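*Asks:* Got a sequence here, can you model it:
(chains A and B)
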Amino acid sequence: AQSVTQLDSQVPVFEEAPVELRCNYSSSVSVYLFWYVQYPNQGLQLLLKYLSGSTLVKGINGFEAEFNKSQTSFHLRKPSVHISDTAEYFCAVSDRGGGATNKLIFGTGTLLAVQP
Amino acid sequence: DSGVTQTPKHLITATGQRVTLRCSPRSGDLSVYWYQQSLDQGLQFLIQYYNGEERAKGNILERFSAQQFPDLHSELNLSSLELGDSALYFCASSATGATGNTIYFGEGSWLTVV
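*Replies:* Numbering: from 1, shown residues only, chains lettered A, B, ... in the order given. This next block holds a predicted model:
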């Protein structure tokens, strides 16, 4: 079984400052890793995903994340945030050996609140 | 716009009632998923279908059922509704059902049980 921990329920940050949203996972099997964003009153949108290869993954809207297998982490970063980045961010995992199933296990989310 | 369409967007119903939520996946996607988002449980996987067949089951209550039709649209049926069923229900789709495939989410159906 897998689980995802997002320790920070809310991260306040000023506009143009850098930000890191933390994600740690627990799994007895190899996993794929994802970050989704949910803007107010909207569905979830994929920011980026790690399947294999380079551990540094670049996504949309200037976000990137680094997979650290030894730390079982997949932290999300952005060097300079904008007001429009204010949203809920969800980290998720799926079982790499899941075969024909593609179940995502989500963390509890982190609200990124960008202040002017 | 993800291309996943859900109806209705909002629904208010009484305890004990039955509702049906409808989902049209992105064009060409064969796999459909249902997720429930609530304040106390967070985002929970309910069920996955692939080309009309059930692929995986999560924390779906026995009072809930789903199906995927030959035209690939899906319905989630919620019966004997309780106050605790109030939540945002997401439908999502992916091209295949294979692990790692990008999953695209709809905007959700808000269910309020009173």
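*Asks:* Quick one: list the elements packing against the helix or strand encompassing residue A:46.
*Replies:* Secondary structure from DSSP states H and E places residue A:46 in strand A:44-50. Secondary-structure packing of strand A:44-50 (3 or more CB pairs under 8 Å, 6 or more residues apart in numbering or on different chains; DSSP states H and E): strand A:31-38, strand A:56-58, strand A:64-68, strand A:73-78, strand B:104-105. All C-beta atoms are positioned from the backbone trio N, CA, C, and that covers glycine.
*Asks:* Tell me if residue A:42 really is in a helix.
*Replies:* No - under DSSP: H, G, I helix; E, B strand; the rest coil, residue A:42 sits outside any helix and is assigned coil.
*Asks:* my guess is it contacts residue B:105, does it?
*Replies:* No - contact criterion CB atoms under 8 Å: residue A:42 and residue B:105 do not qualify, at 9.0 Å.
*Asks:* The residue nearest the centre of chain B: which element?
*Replies:* Centroid-nearest residue in chain B, with CA atoms, centre = their mean: residue B:34, separated by 3.1 Å. Using DSSP H and E, residue B:34 sits within strand B:31-38.
*Asks:* partners of the helix or strand just after that strand in the sheet?
*Replies:* The helix or strand immediately downstream of strand B:31-38 is strand B:42-50, counting by DSSP H and E. In the sheet, strand B:42-50 lines up against strand B:31-38 (antiparallel), strand B:53-57 (antiparallel) (DSSP bridges).
*Asks:* which bits of chain B sit near chain A?
*Replies:* Proximity of chain B to chain A is confined to B:2, B:4, B:31, B:33, B:35, B:42-43, B:45, B:48, B:50, B:55-56, B:58, B:90, B:92, B:94, B:97-108 under the rule CB under 8 Å from any CB of the partner chain.
*Asks:* Pull the contacting residues for residue 44.
*Replies:* Using chain A here. The neighbours of residue A:44, taking CB atoms under 8 Å, 6 or more residues apart in numbering or on different chains as the test, are A:36-38, A:90, B:90, B:92, B:105.
*Asks:* Not quite, go with chain B.
*Replies:* Residue B:44 sits next to B:35-38, B:58-59 when contact means CB under 8 Å, 6+ apart.
*Asks:* Below-threshold pLDDT in chain A: ranges please.
*Replies:* Residues of chain A that meet the criterion pLDDT under 70 lie in A:100.
*Asks:* Spatially central residue in it, please.
*Replies:* residue A:35 (3.2 Å).
*Asks:* highest average neighbour count across the strands paired with strand B:42-50?
*Replies:* Burial of the strands paired with strand B:42-50 is given as mean neighbour count (mean count of other CB atoms under 10 Å in any protein chain shown); strand B:31-38 ranks first at a mean of 25.
*Asks:* quick one: it to strand A:31-38, angle?
*Replies:* 60 degrees (axes from the mean of the first three to the mean of the last three CA atoms, to 10 degrees).
*Asks:* Could you export strand B:31-38 as PDB, CA atoms only?
*Replies:* Presented in PDB, the C-alpha positions along strand B:31-38 are these (Å, rounded to 0.1, in the frame of the first residue of the first chain):
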ATOM      1  CA  SER B  31     -10.500   4.600 -19.100                       C
ATOM      2  CA  VAL B  32     -12.700   6.500 -16.600                       C
ATOM      3  CA  TYR B  33     -12.100   7.100 -12.900                       C
ATOM      4  CA  TRP B  34     -14.300   8.400 -10.100                       C
ATOM      5  CA  TYR B  35     -12.900  10.200  -7.100                       C
ATOM      6  CA  GLN B  36     -14.600  11.800  -4.100                       C
ATOM      7  CA  GLN B  37     -13.200  14.900  -2.400                       C
ATOM      8  CA  SER B  38     -14.400  15.900   1.000                       C
END
